[in-house]
Every structure is written in structure tokens, then in C-alpha cells.
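Asker: structure, please.
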Amino acid sequence: MSGADWAGVVGAGGVFTLLIVVVRQTAATWRARMLAAREEQYRQVAAKYAELLEDNVELHRRTLEELTQARASIASMEKMMRSID
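Answerer: Down below sits the predicted model:
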């Protein structure tokens with residue numbers, strides 16, 4: 001092989017190496033963007049979950065309050081019914 005042949009082989013190897021590096025870096029960048037987008041989606045889901053949990057706690061508190069009032073009302077009615085007998 002002559003010097004020109006070796007230069008062609010080295011040049012082709014360099015081009016292929018450059019292409020491989022570019023493709024790998026592009027894939028790594030795309031993967032990093034996808035992971036960042038997924039992490040943002042997880043944050044949004046966690047925030048929505050926290051909001052729903054707060055709503056659920058408030059609903060539970062109101063239900064307990066209404067149940068307590070209903071029990072007090074029923075106890076009052078029972079007392080009134082016993083006093084009538």
C-alpha cells in the first residue's frame with residue numbers, strides 16, 4: 001500500500017469515527033431530554049396527587065363534621081322520644 005492508500009484509509013476511519021461520535025452524542029442528548037421531560041411529568045403528577053390528597057382530607061373532615069352533627073341530632077331526637085313516652 002502506498003502513502004495515498006493509507007491516507008484514504010485513515011481519512012475514512014476518521015470520518016466513520018466522527019459519524020459514530022455525532023450519532024452517540026445526538027442519542028445521549030435525546031435521552032437526556034426525554035429523562036428531563038419524564039421527570040417534569042413526575043413532578044406534575046406529584047403536585048396533582050398532593051392537591052387531590054388535600055381535597056380528600058378536607059372532604060373527610062367535612063364528612064366527619066356532618067356525621068357528628070347527625071349523631072347529635074339523632075341523640076337529641078331519641079332523648080325527646082323517650083321523654084314523650
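Asker: tell me which stretches of the chain form helices.
Answerer: Here the chain has its helices, by DSSP state H, at 3-84.
Asker: what stretches of it score poorly on pLDDT?
Answerer: Residues of the chain meeting the criterion pLDDT under 70: 1-4, 85.
Asker: please redo it, this time with the cut-off set to 80
Answerer: Within the chain, the stretches with pLDDT under 80 are 1-5, 7, 85.
Asker: could you measure from the residue most central in space within it over to A36?
Answerer: Centroid check for the chain by C-alpha atoms, centre = their mean gives Y42 as the closest residue, at 1.8 Å. Y42 is 11 Å from A36, where distance means C-beta to C-beta, to the nearest Å. (Glycine included, C-beta is placed from N, CA and C.)
Asker: for F16, same thing?
Answerer: 31 Å.
Asker: likewise for A7?
Answerer: Distance from A7 to A36, counting by C-beta to C-beta: 43 Å.
Asker: cool, and E54?
Answerer: Counting by C-beta to C-beta, the gap from E54 to A36 is 27 Å.
Asker: what's the answer for E58, then?
Answerer: Distance of E58 to A36, computed by C-beta to C-beta: 33 Å.
Asker: same thing with N56?
Answerer: For N56, the distance to A36 (C-beta to C-beta) stands at 30 Å.
Asker: again, but for L64
Answerer: From L64 over to A36 (counting by C-beta to C-beta), the distance is 42 Å.
Asker: go on, A27?
Answerer: 15 Å.
Asker: same question, V45
Answerer: For V45 relative to A36 (C-beta to C-beta), the value is 15 Å.
Asker: what do you get for A72?
Answerer: Distance from A72 to A36, by C-beta to C-beta: 54 Å.
Asker: what's the answer for R61, then?
Answerer: Applying C-beta to C-beta, the value for R61 to A36 is 38 Å.
Asker: ok, now A46?
Answerer: For A46, the distance to A36 - C-beta to C-beta - is 16 Å.
Asker: same question, L18
Answerer: 27 Å.
Asker: ok, A50 next?
Answerer: 21 Å.
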